[in-house]
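In: Coordinates for the following, if possible.
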Amino acid sequence: MNASMLSYIVFSCLLLSVQAEYCAVREIIRYTRRLLDDSSVSCPCRQTAISSCSCLPIPEHGHELACFVDGTKHLMENNKSSNPVITRLYWTFQALLDRNLCKRLAHGDQCQYETKGNVKEFLKKILTTYQEINK
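Out: Reported below is the predicted structural model:
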């Protein structure tokens with residue numbers, strides 16, 4: 001085995017180990033803060049309301065990614081003006097869940113929650129979850 005082949009193998013292993021813990025922390029924190037600053041995404045959580053924003057799942061520990069996918073998908077589908085930041089968050093969460101890239105989050109692909117909250121509460125849960133990973 002020559003030196004270039006060995007360096008290729010080492011580089012590939014390094015790349016895989018980095019990719020295995022890819023959680024997209026910085027970009028998710030940035031997008032979530034942008035949405036929290038945007039007052040147009042805040043509407044009240046009404047358990048009985050069928051339309052408007054209704055309520056989003058506040059995930060139980062270990063089910064964050066699946067709930068973040070469900071919640072952002074709901075926001076995307078129910079936001080009259082399609083917000084590119086919400087769309088980007090949704091696809092990021094979906095990719096992380098599909099590829100099982102972020103080992104520190106979700107080990108289940110089903111969203112489990114005990115409570116629901118409004119958009120701001122949901123976004124704050126995303127933010128606090130990712131700030132914990134960032135520590």
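
In: Need the per-residue pLDDT for the residue at minimal distance from the centre of the chain.
Out: By CA atoms, centre = their mean, the chain has its centre lying nearest to residue 93, at 4.0 Å. For residue 93, the model assigns a pLDDT of 93.

In: how close does it sit to residue 118?
Out: Per CB to CB, to the nearest Å, residue 93 is found 19 Å from residue 118. Using the backbone N, CA and C atoms, a C-beta is placed for each residue, glycine as well.

In: And residue 26, by the same measure?
Out: 25 Å.

In: Those two: who's more crowded?
Out: residue 118 (19 against 10; other CB atoms under 10 Å).

In: what's around residue 121, how many residues?
Out: By the criterion of other CB under 10 Å, residue 121 has 15 neighbours.

In: which SSE is residue 95 in?
Out: Using DSSP states H and E, residue 95 sits within helix 84-99.

In: Can you mark which positions in the helix or strand hosting residue 133 are buried?
Out: For residue 133, the element it lies in under DSSP H and E is helix 119-134. Using 16 or more other CB atoms under 10 Å as the test for burial, helix 119-134 gives 119-120, 122-123, 125-127, 129-130, 133.

In: Hmm, residue 65 and residue 102 touching each other?
Out: Yes. If you go by CB atoms under 8 Å, residue 102 and residue 65 touch, sitting 6.8 Å apart.

In: Can you show me the helices along the chain?
Out: For the chain, the helices defined by DSSP state H occupy 3-20, 25-37, 64-78, 84-99, 119-134.

In: Distance from the chain centre to the shortest one, please.
Out: Put plainly, it is helix 25-37. Computed by CA atoms, centre = their mean, to the nearest Å, the chain-centroid distance of helix 25-37 equals 10 Å.

In: what's that helix packed up against?
Out: Here helix 25-37 touches helix 84-99, helix 119-134, going by 3 or more CB pairs under 8 Å, 6 or more residues apart in numbering; DSSP states H and E.
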